[in-house]
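Asks: have a look at this prediction, sequence included:
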Amino acid sequence: MTYQFDWSVLWTGQSGQWLLQGIITTLELSALAWLLAGALGILSGALRTLPIRPLRALAAFYVEFFKNVPLLVWMFFWYFAVPPLLPRSFQDWLFDHGAEFWAGMFALGVYHGARLSEVIRSGIQSIPKTQLEAALSTGLTTAQAYRFVIIPVALRLIIPPVTNESLNLLKNSSVALTISVAELTFQTRQIETYTAKAFEALTAGTVIYLALCLGIAAVMARMERRFAIPGMIARVARAEH
Amino acid sequence: MDFTVVIKNFNFLIGQGLLGIGNFVGGTLRLAIPAIVLGFILGIFVGLGRLARSRWIRTASTVYVEFFRGVPLIMVIFWFWFIIPVLLRVALPEYGVALTAFVVFEAAYLGEIVRAGIQSVPRGQVEAAIATGLTQSQTMRNVVLPQALKNMIPALVTQFIVLFKDTSLASIIGYVDITKAAQIVNNREIRPFELYLFIAVVYWLCTYGMSLYARYLERRLTPA
């Protein structure tokens, strides 16, 4: 048997619409998860650098537990295991409003929050200790010193590793297909199922992911140049795994 | 909350799912260990290719790395899942598909580790080796690679942790790893909280243990 290429399957019928919806869902899922991950990452990353032991331990537990377990397991956990524990009325509401999307968003956000936390922690730790001491000696409280001095500088230093992590998040959003979130990989599979044209469907999905990743990388490279702090070329470690 | 479901199915989850001893061809470790070994061998070629003199080899390796790092792993697994039967005209079992996909995908990441490892060997070492009369390839084999390998070890352990977690994605095409084993048990017992929490803890014990080991290696191998 020889394979007959038929690229028209990508724009005839509903395929075009499916791909478009897939792109939109992937971007929505990733963007919301990114915000959650950013908030959790900044909070726990900052907590891990504080001189208060219980807070450090709490943040360390969150990071070590969530980043060391596969995302797929978290997807199943948040989608199948957590909703039955919630109050009945909230469960009903959730399953009427796309529970799989919210579970996927949560899984992705909490998992990547733990990974971002490591990036942000090493960003904060790459700032010389004298900065904090100087800020404190001008009369700022620890919280103020973090808010006005440490965090703003750290956030600018970590743009490259954060870009890397954000791209990982975008690529990992494909794991949400396992709990049937209709994102890009899911739609690619759907086109394959309806048309039996695996080559064409997978090529479309692959090219779109590549374009999204390269596009974001290019935008972030410009950001990096724009926000670079002259004289501070700190090497910030990337998230380990 | 009833964790007896875990005890009742312990043999299936750990024996079949994690280790691959049982009726199915499966097991997280049976996929992860060959994948890292074969991936590393391919990764050496990719990494050397990135540093090659010939521009064509350099470009080809760069495209390889950038391509696989820009695409989700699930997409790569699906590619092999649909494409291998068409190309080879034989239906490959899930194990073969998953192993091929992981080796090809991981080689892109491992190639970067190899490249960084080679670049971490001081240039003077190469010059000294050449000056003693070794050829290019002898220098690479006997002087550069052994030192580079030592520098790569912590990064390789870290990458193995990533791979270990990523093998859970092989369950999507039906490979019976520990995640799939938990799904199978859950379909019968309907105890998602206990089962998924249990495998999360198993994954955590394995990966956290390995990351402690990686940290220890890093301390021990870094010259003071």
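Replies: It's in.
Asks: near chain A, which residues of chain B?
Replies: Within chain B, the positions near chain A by Cβ under 8 Å from any Cβ of the partner chain are B:67, B:70-75, B:78-79, B:82-83, B:86, B:89, B:158-159, B:161-162, B:165-166, B:168-169, B:171-172, B:179, B:182-183, B:186, B:192-193, B:196-197, B:199-200, B:203-204, B:207-208, B:211, B:214. Just so you know, the C-beta spots here come from the backbone N, C-alpha and C atoms, and that holds for glycine as well.
Asks: okay, and for chain B, where does confidence drop off?
Replies: B:222-224 (pLDDT under 70).
Asks: poorly predicted segments of chain A, please.
Replies: Applying pLDDT under 70 to chain A flags residues A:1-2, A:231-241.
Asks: past the host helix or strand of residue A:21, which element shows up next along the chain?
Replies: For residue A:21, the enclosing helix or strand under DSSP states H and E is helix A:15-47. Once the chain leaves helix A:15-47, the next helix or strand it forms, by DSSP H and E, is helix A:53-67.
Asks: can you give the distance from that next one to the centre of its chain?
Replies: Distance of helix A:53-67 from the chain centroid (Cα atoms, centre = their mean, to the nearest Å) equals 19 Å.
Asks: ok, and for that helix, which residues are buried?
Replies: Residues of helix A:53-67 classed as buried under the neighbour-count rule (16 or more other Cβ atoms under 10 Å in any protein chain shown) are A:59, A:62-64, A:66-67.
Asks: and chain B, which of those residues contact it?
Replies: Subset of those in contact with chain B: residue A:64, counting by Cβ under 8 Å from any Cβ.
Asks: out of the buried residues of helix A:53-67, flag the one nearest to chain B.
Replies: Nearest to chain B among the buried residues of helix A:53-67: residue A:64, at 6.2 Å, using Cβ to the nearest Cβ.
Asks: where does the residue lying closest to the closest one once chain neighbours are set aside fall, secondary structure wise?
Replies: Spatially, and ignoring its direct neighbours in sequence, residue A:64 is nearest to residue B:208 (6.2 Å; Cβ to Cβ, 6 or more residues apart in numbering or on different chains). Residue B:208 is part of helix B:192-221 when elements are defined by DSSP H and E.
Asks: which other helices and strands does that helix contact?
Replies: Of the remaining helices and strands, those touching helix B:192-221 by 3 or more Cβ pairs under 8 Å, 6 or more residues apart in numbering or on different chains; DSSP states H and E are helix A:53-67, helix A:71-76, helix B:4-8, helix B:145-166, helix B:178-189.
Asks: up against chain B, what does chain A have?
Replies: Contacts of chain A with chain B, taken as Cβ under 8 Å from any Cβ, map to A:1, A:3, A:64-65, A:68-74, A:76-77, A:80-82, A:84-85, A:167, A:171-172, A:174-175, A:177-178, A:185, A:188-189, A:192, A:198-199, A:202, A:205-206, A:209-210, A:213-214, A:240-241.
Asks: narrow those to those in helices?
Replies: Secondary structure assignment (DSSP state H) places A:64-65, A:71-74, A:76, A:167, A:171-172, A:185, A:188-189, A:192, A:198-199, A:202, A:205-206, A:209-210, A:213-214 from the residues of chain A next to chain B within helices.
Asks: which among those residues end up buried?
Replies: Neighbour counting with 16+ other Cβ under 10 Å marks A:64, A:71-74, A:76, A:167, A:171-172, A:185, A:188-189, A:192, A:198-199, A:202, A:205-206, A:209-210, A:213 as buried within these.
Asks: any idea which element the residue most central in space within chain A lies in?
Replies: With distances taken as Cα atoms, centre = their mean, the residue of chain A nearest its centroid is residue A:169 (3.5 Å). Residue A:169 belongs to helix A:159-172 when assigned by DSSP H and E.
Asks: in PDB, could you pull the C-alpha coordinates for that helix?
Replies: C-alpha atoms of helix A:159-172 as PDB (Å, rounded to 0.1, in the frame of the first residue of the first chain):
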ATOM      1  CA  ILE A 159      13.700  36.400  31.800                       C
ATOM      2  CA  PRO A 160      15.700  33.800  29.900                       C
ATOM      3  CA  PRO A 161      15.000  30.800  32.200                       C
ATOM      4  CA  VAL A 162      11.400  31.900  32.600                       C
ATOM      5  CA  THR A 163      11.000  32.000  28.800                       C
ATOM      6  CA  ASN A 164      12.300  28.400  28.800                       C
ATOM      7  CA  GLU A 165       9.800  27.400  31.400                       C
ATOM      8  CA  SER A 166       6.900  29.200  29.700                       C
ATOM      9  CA  LEU A 167       7.600  27.300  26.500                       C
ATOM     10  CA  ASN A 168       7.700  24.100  28.500                       C
ATOM     11  CA  LEU A 169       4.300  25.000  30.000                       C
ATOM     12  CA  LEU A 170       2.900  25.600  26.500                       C
ATOM     13  CA  LYS A 171       4.200  22.300  25.200                       C
ATOM     14  CA  ASN A 172       3.000  20.500  28.400                       C
END
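Asks: what's that helix in contact with?
Replies: Residues external to helix A:159-172 that are found in contact with it (Cβ atoms under 8 Å, 6 or more residues apart in numbering or on different chains): A:26, A:30, A:33-34, A:37, A:71, A:108, A:111-112, A:115-116, A:119, A:122-123, A:209, A:212-213, A:216-217, A:220-221, A:223-224, A:227, A:236-239, B:70-73.
Asks: likewise stretch A:132-141?
Replies: The set of residues external to stretch A:132-141 that reach it, using Cβ under 8 Å, 6+ apart, is A:142, A:144-145, A:148-150.
Asks: for the residue nearest to residue A:64, the count of nearby residues, please.
Replies: Neighbour count for residue B:208, taken as other Cβ atoms under 10 Å in any protein chain shown: 16.
Asks: so it makes contact with residue A:68?
Replies: Yes - counting by Cβ atoms under 8 Å, residue B:208 does reach residue A:68; the two are 5.2 Å apart.
Asks: ok, and for stretch B:71-84, which residues are buried?
Replies: So for stretch B:71-84, counting by 16+ other Cβ under 10 Å, buried means B:71-82, B:84.
Asks: quick check: closest non-adjacent residue to residue 204.
Replies: This is for chain A. On the basis of Cβ to Cβ, 6+ apart, the spatially nearest residue to residue A:204 that is not a chain neighbour turns out to be residue A:10, at 5.3 Å.
Asks: let me rephrase: I mean chain B.
Replies: The spatially closest residue to residue B:204, leaving aside those adjacent along the chain, is residue A:68, at 4.9 Å (Cβ to Cβ, 6+ apart).
Asks: I'd say that neighbour and residue B:200 touch.
Replies: No - applying Cβ under 8 Å as the test, residue A:68 and residue B:200 come out as separate, 9.0 Å apart.
Asks: secondary structure element holding residue 102?
Replies: Since you didn't name a chain, this refers to chain A. Per DSSP H and E, residue A:102 falls inside helix A:99-125.
Asks: try chain B instead
Replies: Taking DSSP H and E as the criterion, residue B:102 maps to helix B:94-119.
Asks: against which helices or strands is that helix packed?
Replies: Checking 3+ Cβ pairs under 8 Å, 6+ apart, helix B:94-119 ends up next to helix B:28-50, helix B:55-69, helix B:73-88, helix B:145-166.
Asks: elements contacting the shortest one?
Replies: So that's helix B:55-69. Counting contacts by 3+ Cβ pairs under 8 Å, 6+ apart, helix B:55-69 packs against helix B:28-50, helix B:94-119.
Asks: cheers, nothing more for now.
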